[in-house]
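S.K.: Coordinates only, no sequence provided:
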């Protein structure tokens, strides 16, 4: 896994193992753990247990407040005091009982024996007189100090009173010392932790980088693949050149031998690559990466120890200043600074060898031990930081040692403050002259015995002093009689140490224990981090070595598998067809990468069955090309051909003599059909508005679907096609006035495949090999798309505008012609020629007709319309904005209008009303006025016919005139409802002879199915 980033969550923190608040045991127990002179403190520790009901280790909850903790400690001490008092009371009671027994024994005797006893007592008194005098003299010479008063320890509640007595300047100085101590420690620790976290991220990133770079190095390209490719190429060339020799046994033996030679060369390449990998690993191991990381960790540990030494020294100095100020002794002298903790200091220079030393000393004697190899300074420095000691005895995992830690802790221990005795002001006692003692001889013996062991007593005194220093604890203890532990001295009685001074020594001792405990925590943390770094690095290098061994093993396996494949190819007597690839210690046989092109599979082509009465797709393509060329000769946008032109084309296609060997261009029933039959067929496409021209799209669609097994699409099929095309409509488009790409038309469900399959089986082509099934429905859709792309109709909106503009121009021209005739026939001008013409009402009467007397004014139905009278008042209609369309787009209205043709006019109109109606229309028997106008006259689908009359009158009415005609002739309500019903539309079509535009031509009757 890749290493975390710089801001990753840290899950490892330097948490003390046993802080002061959670410390287990009292100060005595910690002295018991840290002091090496255990027997010296055992004597005093016996006073604290263990007892049957009170253990020596007493647990006190230190997580509460200081007052509660002090009360808990005081309670534990009170139990010990109560036990001690009970023991003392028991001892006193035993002493009193013994004294009472002695008094009873010394009771008065009988009277008769009193005199004798008195005489004996007087004699004894006379004998003891000299002894009493000697005892008095000894008592006079005894200088033992009187017993000390009981020690009163300073309570925690008394310290605030001492703080209040400190002077303001001293108090401010102490507060400044505390602020500096706290602020410097917190900021320094934060910097240390940030440093350590950054180092952890860099360490993990470094390990990951080593693995990634070594992985890329191990997977580098080599020359094995070139050897394999060269062998395979020569093998195939030989097989191609000498195919018969490949079958001989000597040839096979020779090829097997060459395969073994290739095996040996590949193995040598593998061993060479493995040795290079081992060398690279050795370079990485000797790069001293672990030593550099250990040095960074050692710097961090040293910095932590330096911070701890600084904190301990500042705390001790603060305590000393406070207690001395509280004792009114003034600020003490500043304690000497702690020694510098630096394990990276350069070592002391070695002694320069004496050049005058004899050269014989350098000669190795036979019995001398072998000389140790010289070590460079870099190796010595690295050995001071970390070194790995293998386990040579058991052969297991070795251990890591970090020598600098012991040196670091030793340097930090030198910063410990030593405890000091309280030194009261000295008292000079005048020496008295010794008087001659009559009993000097008696004393001499005792003095001699006292002087026999002066040295031993001094050593005991020093030992007990040290023991006393260690035994001072931070809780109040009962006063103890220490006179048995000190020899009697004949000197002035010492002044007892103040309670505050004793409390200072206890605080310094507690701070020392805390300091050593924190050093041990730092040491434990350092050992864990160093072990983790060392073990991670060693594990990484072990993994890299495993990668090398695994890569070598897999390479050898891949090479062996490759040689086995080559030997199998030798025995198979065939080419090596697939590529053999040695990649990343794996053999890949790539079946998709062929060395030679395979023999192509014989796939029979799709052949369409030929029926004598149906146009094949090949024939339809030829017909389309011929017709398109003829139309393009007239105009690039021409969509009609004159009747006689198309007749000549069909005559050329259908004419063939008996010796004509050209490709059949028309169905068999059409060959040599004659001119009369072709004219009859073309007459079926003629209608009153065609102008003796044939709509090419209509003609080609009829040829496509002539005698089709499925026929023209049904109404349900057209509605399904409508649902598909509506989903392809652009945003804002109205059905069906939009265009779609050609591939959309090619995927429409227009023609069913079931009928085509049965037709293809019936008219199967006669071939040597069975051909594949021809996809006639798909080919028909492609052909339909090609025809509509070539003869694309303009939009219905544009053609409706063309009709409106034609009528506007016609009315303007007619009105101007009428004015021109009036002006030409007016012999008497009533107005000057330079003035605007004024209309004259009597001139039309003279001409014999009026302006509105046009029998054809209502198209051809005979009615009279008010729309065409007079000059048009509205301005000329504006042309719709042109739309740039790609060449492959097809008009949906054009496609659906041609396919909606029915067998009868009524059926075609019903199909058109159902398919071409907008999506907003609910009723199926009515259409909006504009939609009905475009549907009835096939605007946007079929070509617009030209004017059939000599005056340029448009053949189709405009929308307004179309509405007036329906209302006046067929009692419609178009003006009020803006909708056209199917019935009045059918009547209008019948009256205008527009039935052929909605009815299919009966070509099937002219060219029937004849086998």
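M.R.: The structure has been received and is ready for your questions. Just so it is clear, the model here is predicted, and its values are computed rather than measured.
S.K.: Could you pull up the contacting residues of residue 407?
M.R.: Residues counted as contacts of residue 407 (C-beta atoms under 8 Å, 6 or more residues apart in numbering) are 343, 384. Where you see a C-beta, it was placed from the backbone N, CA and C, and this is true even at glycine.
S.K.: Okay, buried residues for the strand or helix carrying it please.
M.R.: Taking DSSP states H and E as the definition, residue 407 sits inside helix 403-413. Across helix 403-413, burial judged by 16 or more other C-beta atoms under 10 Å covers 404-405, 408-409, 411-412.
S.K.: Also stretch 665-683?
M.R.: For stretch 665-683, the neighbour count (16+ other C-beta under 10 Å) marks 665-667, 669-670, 673, 678, 681-682 as buried.
S.K.: which element follows the least confident helix or strand in the chain by mean pLDDT toward the C-terminus?
M.R.: Within the chain, no helix or strand scores below helix 843-847, which has a mean of 39 by mean pLDDT, DSSP states H and E. Scanning forward in sequence from helix 843-847 by DSSP H and E, the next helix or strand is strand 889-891.
S.K.: Packing partners of that following strand?
M.R.: If you count contacts as 3 or more C-beta pairs under 8 Å, 6 or more residues apart in numbering; DSSP states H and E, strand 889-891 packs onto strand 739-741, helix 742-746, helix 776-790.
S.K.: hmm, try it at 7 Å
M.R.: strand 739-741, helix 776-790 (3 or more C-beta pairs under 7 Å, 6 or more residues apart in numbering; DSSP states H and E).
S.K.: contacting residues around the longest one?
M.R.: Spelled out, that is helix 776-790. Helix 776-790 is touched from outside by 608, 617, 620, 624, 628, 697, 700, 704, 742, 745-746, 748, 750-751, 753, 756, 887-888, 890-891, 894-895, with contacts defined as C-beta atoms under 7 Å, 6 or more residues apart in numbering.
S.K.: The shortest one too?
M.R.: Counting contacts by C-beta under 7 Å, 6+ apart, the residues outside strand 739-741 that touch it are 725, 728, 885, 888-892.
S.K.: Tabulate those (CSV), appending neighbour count.
M.R.: Shown next, in CSV, are the contacts of strand 739-741 (neighbours: other C-beta atoms under 10 Å):
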residue, neighbour count
725, 19
728, 14
885, 14
888, 15
889, 18
890, 22
891, 24
892, 26
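S.K.: least confident pick among these?
M.R.: Within the set of the contacts of strand 739-741, pLDDT is lowest for residue 885 (84).
S.K.: Residue 256 and residue 566 touch, don't they?
M.R.: No: the pair residue 256 / residue 566 is not scored as a contact, 8.8 Å apart, by C-beta atoms under 7 Å.
S.K.: Those two - which one has more neighbours?
M.R.: residue 566 (22 against 15; other C-beta atoms under 10 Å).
S.K.: what pLDDT does the closest residue to that one other than its chain neighbours get?
M.R.: In space, and not counting its chain neighbours, residue 566 is closest to residue 259: 4.6 Å by C-beta to C-beta, 6 or more residues apart in numbering. Note on residue 259: pLDDT of 92.
S.K.: So that it lines up with my notes, have the first residue be 60 from now on.
M.R.: Understood, numbering begins at 60; the last thing we discussed is residue 318.
S.K.: burial measure for residue 318, as a count.
M.R.: Look at residue 318: counted by other C-beta under 10 Å, it has 19 neighbours.
S.K.: ok, it - contacts?
M.R.: 622, 625-626, 629.
S.K.: Now compare the residues you listed and name the two farthest from each other.
M.R.: Longest distance between any two of the contacts of residue 318 is 10.4 Å, between 622 and 629; criterion C-beta to C-beta.
S.K.: sorry, back to before: show only the entries of the buried residues of stretch 724-742 found in strands.
M.R.: Residues of the buried residues of stretch 724-742 located in strands (DSSP state E): none.
S.K.: Just these: which are in helices?
M.R.: Among those, the subset assigned to helices under DSSP state H consists of 737, 740-741.
S.K.: Can you add distance to residue 155 and pLDDT and give those back as CSV?
M.R.: Below are these laid out as CSV (distance: C-beta to C-beta, whole Å; pLDDT from 0 to 100):
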residue, distance to residue 155, pLDDT
737, 161, 91
740, 158, 90
741, 159, 90
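S.K.: List just the nearest of the residues you listed to residue 777.
M.R.: Nearest member of these to residue 777, counting by C-beta to C-beta, is residue 740, at 26.1 Å.
S.K.: dump the residue contacts of that closest one.
M.R.: Residue 740 sits next to 1062, 1065 when contact means C-beta under 7 Å, 6+ apart.
S.K.: ok, now residue 391?
M.R.: For residue 391, the contacting residues are 379-380, 383, by C-beta under 7 Å, 6+ apart.
S.K.: need the residues you listed in a markdown table with pLDDT, can you?
M.R.: As requested, the contacts of residue 391 are arranged in a markdown table below (pLDDT from 0 to 100):
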| residue | pLDDT |
| --- | --- |
| 379 | 84 |
| 380 | 85 |
| 383 | 82 |
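S.K.: Just the buried subset of those, please.
M.R.: Buried members of those, counted by 16+ other C-beta under 10 Å: 379-380, 383.
S.K.: buried sites along the host helix or strand of residue 218?
M.R.: For residue 218, the host element (DSSP H and E) is helix 218-223. Within helix 218-223, the residues that qualify as buried are residue 221, counting by 16+ other C-beta under 10 Å.
S.K.: again, but for stretch 594-614
M.R.: So for stretch 594-614, counting by 16+ other C-beta under 10 Å, buried means 596-597, 599-600, 603, 606-607, 610-611, 614.
S.K.: So which of these sit within helices?
M.R.: Mapping the buried residues of stretch 594-614 onto helices (DSSP H) picks out 596-597, 599-600, 603, 606-607, 610-611, 614.
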